[in-house]
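>>> sequence and predicted structure, then a few things I'm wondering about:
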Protein chains: 2
Amino acid sequence: MSKGITSRTDNYSQWYLDIVKRADLADNSAVRGCMVIKPHGYAIWENMKSALDQMFKETGHVNAYFPLFIPKSFLSREAEHVEGFAKECAVVTHHRLKNDPNGSGLIVDPDAKLEEELVVRPTSETIIWNTYKDWIQSYRDLPLLINQWANVVRWEMRTRPFLRTAEFLWQEGHTAHASRQEAIEEAERIHEIYARFAEDFMAMPVIKGRKTANERFAGAEETYTIEALMQDGKALQAGTSHFLGQNFAKAFDVRFLNESNQEDYVWATSWGVSTRLVGGMIMTHSDDDGLIVPPKLAPLQVIIVPIPKPAPELNEVAEKVMRALRDKGISVKYDMDMKNRPGFKFAEYELKGIPVRIGMGMRDLENNQLEVARRDTKSKSMVPIEGIGDYVRQLLDEIQANLFQQAVQYRAEHMTEVNDWKTFTEVLEEKGGFASAHWDGTTETELEIKEKTKATIRCIPLDAKEESGTCILTGKPSQGRVLFAKAY
Amino acid sequence: MSKGITSRTDNYSQWYLDIVKRADLADNSAVRGCMVIKPHGYAIWENMKSALDQMFKETGHVNAYFPLFIPKSFLSREAEHVEGFAKECAVVTHHRLKNDPNGSGLIVDPDAKLEEELVVRPTSETIIWNTYKDWIQSYRDLPLLINQWANVVRWEMRTRPFLRTAEFLWQEGHTAHASRQEAIEEAERIHEIYARFAEDFMAMPVIKGRKTANERFAGAEETYTIEALMQDGKALQAGTSHFLGQNFAKAFDVRFLNESNQEDYVWATSWGVSTRLVGGMIMTHSDDDGLIVPPKLAPLQVIIVPIPKPAPELNEVAEKVMRALRDKGISVKYDMDMKNRPGFKFAEYELKGIPVRIGMGMRDLENNQLEVARRDTKSKSMVPIEGIGDYVRQLLDEIQANLFQQAVQYRAEHMTEVNDWKTFTEVLEEKGGFASAHWDGTTETELEIKEKTKATIRCIPLDAKEESGTCILTGKPSQGRVLFAKAY
């Protein structure tokens, strides 16, 4: 509490807000529901972007950029899509302000009303498929494998930094294919990339599954999802990849001549992950002392703190250590600040989640060693200066692996198979995590369960075994278990 | 003309549009004034971003992200700023659409009117300085050296792809300092970075100068600019860096305690370059056969074309050549397409501005050589396969240098010192380029010259010598020459 961080057991929700604020990740803004992403938070997002972008490019995708605005009429073209997005969008109606002739300051100029209102994109399927119409004539123009890094706006009523904000940053992939099968394979390929990114970079284990019809993206035939589990037992949808069938091609009349010279509608996918991942990372690893960032995403991996403060002999060794670390591809900084004491600095770096801290005093140098502290376990070791590069390289890998293992274990402990309603509600209410249960497959039952427990079906896991059973609510027959959880 | 490109001498303006379209750089969109940046155009912008971002980070800047929306009232806070931007902005007035109860489709829901309208950012000084207020209390919190990569919207009436669009992509730096001197140095440092980027990466020579009071950014005390010259003799403002004094700090009440424990307003800079640079690059180098991209910005530097088409022996050598090139840090692709003929491919790659093309036929291989063609001069050489990596590495450097030299020469030929009104108007009307002339220093004269000639003062060059003379229009005394030109 000395750091101004509520403990997780006291109030997880407040703890989260405290971490976001105290670790300098984001700040509130003057605009309702919009956040300011501060440099430390943005640097983490940049590292996420860079890793994902590389994975997309390695699989043949290219980036492009489509307009921020979508003509109102485009939204109506796809029936489910408009249902999903029209109720929460920012609408541009005018293109000029002017000084009120009555002197009440700046007002909207009524003469500058747009003929057709524009919506700030909540997602870009409509504007992109309207464009693809001009780009696709024949199978030779396919596939189009395009991604865009952009901001989008959804007028959410209840917002939380990173997890749910009116404006957020994301990538949205929009691909066009000549066959149903190829589009499905694309959606699955991206689903796999998302899962690999979450586990390898964020050290956040995820369950890969399909969404129920009710939870699908507005306009999709199939939505693949990766679902993570936060420390408070709530699930987080961390990324989705949609097979859109021919819905948007039909809505925007995008046809092509296939190899047999026959006309057909184009097949589509779309997929996205957002700054929400930063929230998922926070709630997977961090503790009551502050943020914990997996080394692969850390803007700064190692901080060297001179004890008690910078001095020529210490600075010289620090330079040497930094060179050794940088040679191993490690990012490192030496704290040259003269004003604050080591204890204060230690707390600050802990707060910001720097994975490794190296303390360096005169006595350590006499013994040719350094004190190396890891952020995840807080354990410290005295380490010879000779070979420090290799040591830290290995330590960072170990931290990355340890964070993943801890999260895997937590999830294993919070994955409960349940077969009766009473246990089901108890698990959801008290223990938290995923309840693996039978469901009769109807949206009606799904909604009734949500109504009674606030839990939703997070996904039908891809690796679910076929297993006969009876629905947890209705007792009707079921062919397999699905995962229920309360979710962000 | 066979490529569908108007020649530059026939119609430069149409030539530009043809290049943008035929080189697959951008496309029109359904939204007035907004363009779609296609993958090839976006890849060039990505390379620009990446080089600039590194230069910013090397000089201590960090990235962050501020909201897309600005409350209407914020714009009014800085008097000149509101004058500059209120007349051309996208205004969000509602947050919901709904189905018209009268059945006429989707309409704006009158119940979802915002209490205060939001403007889509035309630039972010106001929202950022409103945020800085919370971040700055003491000199210890300074400097803040923050940059943001973002989209902005200015409701331009006459748009041209890349050069002037309603929405565009850019970076905007916003820094806060404890002293006037430090802020001026920052604005100058960025000015220098912009000039270095333009010349070293874009191979586009620029003149560094200051804007006149009339041409300054709305709210700035000094605007530094880099001005380039396009092939049609018109100037292009390619980047600006502003010393904002204490204007925004006063407008948003951002005060701090300095080292002497006295309260003062914070000093500011802001600076930006945008996707407009892609337009500048096009108009500096390209020719009637298509785009020319400087090697340092080329998404693909080398294309290998098998003649007449892929075959096992050719493919094997291509693999070897690609490895040799990649070892030298060169990006390269082998054209595996079986359908089109080499001549068609050559024209396509020329159109897209790939700096180097390697042609490879069976007879060439028998002689252990390859045909290497450069895009800039169109010259071809037979080059031994042995040592091809070094050869191409050097050739790319030579192309980069040659493009810069050509542009420097063109500019030198279009930099005319003029001392009388008749020559002045003739130069502007017929020869084009910069007219270096004396001016009496008043906005009145500046505007009258613009009225009479359509030329503006592009800048007061930093390296202008002191020289007594008489104003080109009024004959009043002047202490130095300024540069006039018609401009984009």
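Yep, that arrived.

>>> how far away is A:D111 from B:I70?
The spacing between A:D111 and B:I70, counted by Cβ to Cβ, to the nearest Å, is 22 Å. Yep, even glycine has a C-beta here, placed from its N, CA and C like the rest.

>>> the two: who's more crowded?
When A:D111 and B:I70 are compared for neighbours, B:I70 comes out ahead with 28 against 8, by other Cβ atoms under 10 Å in any protein chain shown.

>>> so the more buried one, which state does it fall into?
Going by DSSP: H, G, I helix; E, B strand; the rest coil, the secondary structure assigned to B:I70 is strand.

>>> tell me the residues of the stretch 301-450 of chain A that contact chain B?
Residues of the stretch 301-450 of chain A lying near chain B by Cβ under 8 Å from any Cβ of the partner chain: A:K339.

>>> hang on, A:T123 packs against A:G173?
No. With contact defined as Cβ atoms under 8 Å, A:T123 does not reach A:G173; the gap is 11.3 Å.

>>> what do the two both touch?
Residues touching both A:T123 and A:G173 by Cβ atoms under 8 Å, 6 or more residues apart in numbering or on different chains: A:S270, A:G272.

>>> show me what contacts A:W155?
The contact partners of A:W155, by Cβ under 8 Å, 6+ apart, come to A:G33, A:E88, A:C89, A:A90, A:A166, B:H95, B:R96.

>>> by neighbours, which of those residues wins?
Highest neighbour count within the contacts of A:W155, by other Cβ under 10 Å: A:A90, with 26 neighbours.

>>> which residues touch it?
Contacts of A:A90 (Cβ under 8 Å, 6+ apart): A:V119, A:V120, A:V153, A:W155, A:A166, B:F69, B:V92, B:H94, B:H95, B:L118.

>>> which helix of chain A spans the most residues?
helix A:388-413 (DSSP state H).

>>> distance from that one to the middle of the chain?
Chain-centre distance of helix A:388-413: 20 Å, with Cα atoms, centre = their mean, to the nearest Å.

>>> let's test this: mean pLDDT of it, rounded?
Helix A:388-413 shows an average pLDDT of 98 in the prediction.

>>> packing partners of it?
Under the contact definition 3 or more Cβ pairs under 8 Å, 6 or more residues apart in numbering or on different chains; DSSP states H and E, helix A:388-413 sits against strand A:222-229, helix A:276-285, helix A:312-327, strand A:356-361, strand A:369-374.

>>> sheet partners, orientation included, of the first one?
When pairs are called by DSSP bridges, strand A:222-229 turns out to pair with strand A:206-210 (antiparallel), strand A:235-245 (antiparallel).

>>> number of nearby residues for the residue of the stretch 301-450 of chain A found nearest chain B?
In the stretch 301-450 of chain A, the residue that lies nearest chain B is A:K339 (8.0 Å; Cβ to the nearest Cβ). Applying other Cβ under 10 Å, we find 7 residues neighbouring A:K339.

>>> so for it, what's the nearest residue that isn't a sequence neighbour?
Nearest residue to A:K339, sequence neighbours excluded (Cβ to Cβ, 6 or more residues apart in numbering or on different chains): B:R140, at 8.0 Å.

>>> repeat that for A:P310.
Nearest residue to A:P310, sequence neighbours excluded (Cβ to Cβ, 6+ apart): A:M336, at 5.3 Å.
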